[in-house]
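**Q** What would the 3D arrangement of this be:
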Amino acid sequence: MAKTIIINEHGGAEVLTLTDRAVGEPGPGEIRIRHAAVGLNFIDCYQRSGLYPMQLPAALGMEASGVIEAVGAGVTHLKPGDRAAYAAQPPGAYCEARVMPAAQVCPLPDGISFEEGAAMMLKGMTVEYLFHRTFPLTSGDTVLFHAAAGGVGLIACQWARSEGISLIATAGSEDKCRMALEHGAAHAINYTTEDFAARVREITGGRGVDAVMDSVGASTFEGSLNSLRPLGMLMSFGNASGPVPPFNLGILGPKGSLQITRPTLFTHIADHATCQAMAKHLFDKVLAGDVTIRIGQTFPLEQVQDAHRALEARKTTGSTILTV
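**A** I've put the predicted structure just below:
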């Protein structure tokens with residue numbers, strides 16, 4: 001049996017329930033992993049609330065690290081005793097141990113701790129696909145990154161600096177802006193006191209940025225479009241302030257033939273080889289010292305309700321992990 005967090009209904013943090021579940025043995029193409037640490041992400045809140053509906057009852061959690069206990073037939077890239085980490089479907093990481101598909105579980109290098117592994121996989125591979133697969137960026141490009149003091153944002157600030165990309169950060173307080181600058185942002189805008197789109201135009205001499213990476217959603221959508229240069233791209237990859245409402249696609253033309261996409265990590269990692277390559281790219285960044293994983297908050301698994309409330313209230317910085 002393993003302690004596991006489940007939901008029996010969609011709702012607020014109070015629907016998160018601790019229970020015991022049987023773990024079982026891995027079948028073909030599966031592994032059993034005993035977790036050391038679990039990552040917390042906004043997608044967990046979306047699934048819990050019903051913004052991303054789930055078949056109930058359901059276990060939550062998309063990211064964790066630990067030790068492989070057993071492997072099923074056909075699994076060749078992992079063996080019992082290996083250190084491993086993942087960000088993967090299906091949900092169920094909020095637990096002590098689980099059986100799950102092996103394809104998206106990645107060997108974790110010895111130089112990276114379990115805590116870092118749990119804090120970095122979903123967020124770090126998100127940054128990897130935003131910078132290299134959605135709208136490939138090169139040295140000298142400029143991007144606007146919202147919520148830059150969060151777990152994804154602080155990785156993005158460092159990633160941009162390591163590749164010569166100028167990152168303009170937005171955050172909701174002076175302290176968070178300072179944190180983004182310390183992690184590699186070229187500029188930081190406090191969106192509670194400044195019109196970020198106007199400030200972006202000022203910073204870029206009226207040109208606009210090459211790309212906007214926006215996980216905030218409804219409250220930043222219009223300003224994000226207004227921050228882009230002609231032919232620039234808005235990557236809308238989250239909904240922290242709520243989903244983007246329907247809009248007239250025709251506005252993209254007069255604004256400069258803008259591009260917009262709604263990518264997800266899980267599309268990119270669906271292919272085993274691509275997933276492993278993305279993870280290796282991330283691991284290499286961390287091992288080289290280009291990216292340091294900042295863990296701002298740690299909660300015991302049993303206090304997952306408090307962790308969700310803190311994340312949704314934007315009281316967190318960096319990554320948040322649950323210990324098991």
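
**Q** How about the backbone phi and psi for the closest residue to residue 119 other than its chain neighbours?
**A** Leaving aside its sequence neighbours, residue 119 sits nearest to residue 319 (CB to CB, 6 or more residues apart in numbering; 3.6 Å). C-beta here means a position set from N, CA and C on the backbone, and glycine is covered the same way. Torsion angles at residue 319 (phi, psi; degrees, to the nearest 10) stand at phi -90, psi 150.

**Q** in the sheet, who's paired with residue 319?
**A** Per DSSP bridges, residues listed as beta-bridge partners of residue 319: residue 295.

**Q** What is the burial count for it?
**A** Neighbour count of residue 319, defined by other CB atoms under 10 Å: 28.

**Q** neighbouring contacts of the helix or strand harbouring residue 213?
**A** Residue 213 is located in strand 209-214, with elements delineated by DSSP states H and E. Contacts to strand 209-214, defined as CB atoms under 8 Å, 6 or more residues apart in numbering, come from residues 130, 135, 137, 141-146, 156, 168, 200, 220-221, 224-225, 227-229, 232-238.

**Q** Stretch 268-285 too?
**A** With CB under 8 Å, 6+ apart, stretch 268-285 has contacts from 77, 85, 87-88, 103-104, 106, 108-109, 112, 120-121, 124-125, 127-129, 132-133, 158-159, 162, 291.

**Q** Could I have the PyMOL command that selects the buried members from those?
**A** Selection of the buried residues among the contacts of stretch 268-285 in PyMOL, burial being defined by 16 or more other CB atoms under 10 Å:
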select buried, resi 85+87+88+103+104+106+108+112+120+121+124+125+127+128+129+158+159+291
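
**Q** what about residue 284, is that helix, strand or coil?
**A** Counting by DSSP: H, G, I helix; E, B strand; the rest coil, the backbone at residue 284 sits in helix.

**Q** where's it relative to residue 119, distance?
**A** 17 Å (CB to CB, to the nearest Å).

**Q** cool, residue 324 as well?
**A** 14 Å.

**Q** Identify the contacts common to these two.
**A** By CB under 8 Å, 6+ apart, residue 324 and residue 119 have these common neighbours: residue 37.

**Q** Give me the neighbour count for residue 73.
**A** Using other CB under 10 Å, residue 73 has 9 neighbouring residues.

**Q** distance of the residue lying closest to residue 218 once chain neighbours are set aside from residue 40?
**A** In space, and not counting its chain neighbours, residue 218 is closest to residue 242: 4.1 Å by CB to CB, 6+ apart. Distance of residue 242 to residue 40, computed by CB to CB: 20 Å.

**Q** So those two - more neighbours on which side?
**A** residue 40 (30 against 12).

**Q** bridging residues for the more buried one?
**A** Residues in beta-bridge contact with residue 40 (DSSP bridges): residue 320.

**Q** now swap in residue 106 and tell me
**A** Here residue 106 sits in beta bridges with residue 85, as judged by DSSP bridges.

**Q** returning to that earlier point: so between residue 324 and residue 119, which is more surrounded?
**A** Taking neighbours as other CB under 10 Å, residue 324 and residue 119 compare with residue 119 leading, 30 against 21.

**Q** Contact partners for that one?
**A** Going by CB under 8 Å, 6+ apart, residue 119 touches 37, 39, 151, 293, 295, 318-321.

**Q** again, 10 Å this time
**A** By CB atoms under 10 Å, 6 or more residues apart in numbering, the residues touching residue 119 are 37-41, 63, 65, 85, 113, 151, 155, 293-296, 298, 318-321.

**Q** Just the buried residues from those residues, in ChimeraX please.
**A** The command below creates a ChimeraX selection of those among the contacts of residue 119 that count as buried (16+ other CB under 10 Å):
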select :37,38,39,40,41,63,65,85,113,151,155,293,294,295,296,298,318,319,320,321
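
**Q** Much appreciated, bye for now.
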